[in-house]
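Asks: My questions are about this predicted structure, shown below with the sequence.
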Amino acid sequence: MISNQFPIRLTFKIGTLSNDFVAQNANGETIVYVRQKLLKLIEQVDVFESEARSELLYTIRANRWIDFTATYTFTNKLGSEIGRIVRKGWSSLWKAHYEIYDEKQMLDLTVREENPWTKVLDSLIGEIPFLGLATGYLFHPSYIVTRPDGTPVIRLKKEPSFWGRIFTMEKLAEFERGEEERVLLGLMMMILLERQRG
């Protein structure tokens, strides 16, 4: 999952018992298959090389049971920690705010929702019978990933789709060492958390 061709498209599966999606590069090739384990006390997400699930590449695991400020640690297939993403508690109630840390627990990147009103309208209209079915085509939340110095690195945007199941990652700057791996894993976990919020 390194040196991918952008944009990267994430498509959630509909009609499965698990919360899972496929990530594809600009050529339409699958780069990873992400599967969230359901009914676990401590949240865990497995990242496989393909939908065949023959090779586990990464695991993302919460540090505690159901907590609004949980930390989600990324480990590679060798079991080594390569980073983590943290939801910034109460500040994320209105406008999504996450921080991504490197393997040395140093702040590496920040993820912020660009326009929180989009999600509010999406949630409100989504509750209206029949009209709620169209929100996937009307409202498109987007998130910007920046370095501590403010440099934008990636934009993640929900695309027009039935059930709001397609997201696109657009690269805005060249990656520094280790950034690509951490930002992709961080955004994949964030999408799962934000979809749970509505």
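Replies: It's in.

Asks: in the longest helix anywhere in the chain, what's buried?
Replies: Selection of the longest helix in the chain by residue count, based on DSSP state H, yields helix 179-197. Of the residues in helix 179-197, those with enough neighbours to count as buried (16 or more other CB atoms under 10 Å) are 179-195. (C-beta placed from N, C-alpha, C; glycine too.)

Asks: residues making contact with that helix?
Replies: 1-4, 8, 10, 12, 19, 21, 23, 32, 34, 36, 45, 47, 58, 60, 72, 74, 82-83, 85, 87, 96, 98, 100, 102, 108-109, 111, 141, 143, 145, 153-154, 156, 164, 167, 169, 175 (CB atoms under 8 Å, 6 or more residues apart in numbering).

Asks: Give me the buried entries from those residues.
Replies: So, by 16+ other CB under 10 Å, the buried ones in the contacts of helix 179-197 are 1, 4, 8, 10, 12, 19, 21, 23, 32, 34, 36, 45, 47, 58, 60, 72, 74, 82-83, 85, 87, 96, 98, 100, 102, 108-109, 111, 141, 143, 145, 153-154, 156, 164, 167, 169.

Asks: The contacts of helix 179-197 in strands, which ones?
Replies: Helix and strand membership here follows DSSP state E; of these, those in strands are 8, 10, 12, 19, 21, 23, 32, 34, 36, 45, 47, 58, 60, 72, 74, 82-83, 85, 87, 98, 100, 108-109, 111, 143, 145, 153-154, 156, 167, 169.

Asks: hang on, the earlier thing: got the angle between the longest helix of the chain and strand 8-12?
Replies: With axes from the mean of the first three to the mean of the last three CA atoms, to 10 degrees applied, the angle from helix 179-197 to strand 8-12 works out at 30 degrees.

Asks: Just the CA atoms of helix 179-197, as CSV, please.
Replies: Output of helix 179-197 as CSV, limited to C-alpha atoms (Å, rounded to 0.1, in the frame of the first residue of the first chain):
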residue,chain,number,x,y,z
GLU,A,179,3.3,9.7,5.7
GLU,A,180,1.5,7.8,3.0
GLU,A,181,1.1,4.6,5.0
ARG,A,182,-0.1,6.5,8.1
VAL,A,183,-2.5,8.8,6.3
LEU,A,184,-4.2,6.1,4.4
LEU,A,185,-4.7,3.9,7.4
GLY,A,186,-5.8,6.9,9.5
LEU,A,187,-8.4,8.0,6.9
MET,A,188,-9.7,4.5,6.5
MET,A,189,-10.3,4.2,10.2
MET,A,190,-11.7,7.8,10.4
ILE,A,191,-14.3,7.0,7.6
LEU,A,192,-15.6,4.0,9.6
LEU,A,193,-15.9,6.2,12.7
GLU,A,194,-17.6,9.0,10.9
ARG,A,195,-20.1,6.7,9.1
GLN,A,196,-21.1,5.4,12.6
ARG,A,197,-21.7,9.0,13.7
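
Asks: Not counting residues beside it along the chain, what's closest to Thr168?
Replies: Nearest in space to Thr168, with sequence neighbours left out and distances taken as CB to CB, 6 or more residues apart in numbering, is Pro7 at 5.0 Å.
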